[in-house]
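Here is a sequence together with a model predicted from it:
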Amino acid sequence: EVQLVESGGGLVQAGGSLKLSCIASGFTFDDYAIGWFRQAPGKEREGVSCIESSAYIPYYGDFVQDRFTISRDNAKNTMYLQMNSLKPEDTAVYYCHARLMSNSTQYWGQGTQVTVSS
């Protein structure tokens, strides 16, 4: 059974930090590009960051502005999103995502809530 299980969300004050984790199982994690998306109430889901399976080149949404860092540990089948200098507008449900570029197979986590108070 394929699973992506997020953890690390919560309530934090503006300027604070959180580190999200996502543990993958049921597929060959190393072969997949991984990333994080978020969805705020009343808004569309948007990409936060992604990293390729082999090149390890990270990409970030423009709104990140050097505040977040994506990483992966293939030995632990885990991806991370370190979020610093959080802003109230970062409040959203954050989803981890894995995609096999060769055939577009993709998987989603269940989401973890991040709330940033002002």
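Right, received. Where do you want to start? Numbers count the residues shown, from 1 in each chain.

Quick one: classify Glu44 as helix, strand or coil.
Going by DSSP: H, G, I helix; E, B strand; the rest coil, the secondary structure assigned to Glu44 is coil.

mind checking pLDDT for it?
In this model, Glu44 is scored at 97, pLDDT.

just Ala55 next, same as before
With respect to pLDDT, Ala55 has a value of 60.

For the residue positioned nearest the centre of the chain, which non-adjacent residue is spatially closest?
The chain has Trp36 as the residue nearest its centroid, 2.6 Å off, counting by C-alpha atoms, centre = their mean. In space, and not counting its chain neighbours, Trp36 is closest to Val48: 4.3 Å by C-beta to C-beta, 6 or more residues apart in numbering. The C-beta positions use only the backbone N, C-alpha and C, and glycine is treated the same way.

still on that earlier bit, what about the residue nearest to the centre of the chain, helix or strand, and which?
Here Trp36, judged by DSSP states H and E, is contained in strand 33-39.

what does that strand rub up against?
20, 22, 24, 45-53, 70, 72, 79, 81, 90, 92-101, 111, 114 (C-beta atoms under 8 Å, 6 or more residues apart in numbering).

Give me the subset of those residues lying in strands.
Judged by DSSP state E, those include 20, 22, 24, 46-51, 70, 72, 79, 81, 92-100, 114 as members of strands.

so what's the residue nearest to Phe68 when sequence neighbours are not counted up against?
Nearest residue to Phe68 in three dimensions, chain neighbours excluded: Met83, at 5.0 Å (C-beta to C-beta, 6+ apart). Met83 makes contact with Ser17, Leu18, Lys19, Leu20, Arg67, Phe68, Asp90, Val114, according to C-beta under 8 Å, 6+ apart.
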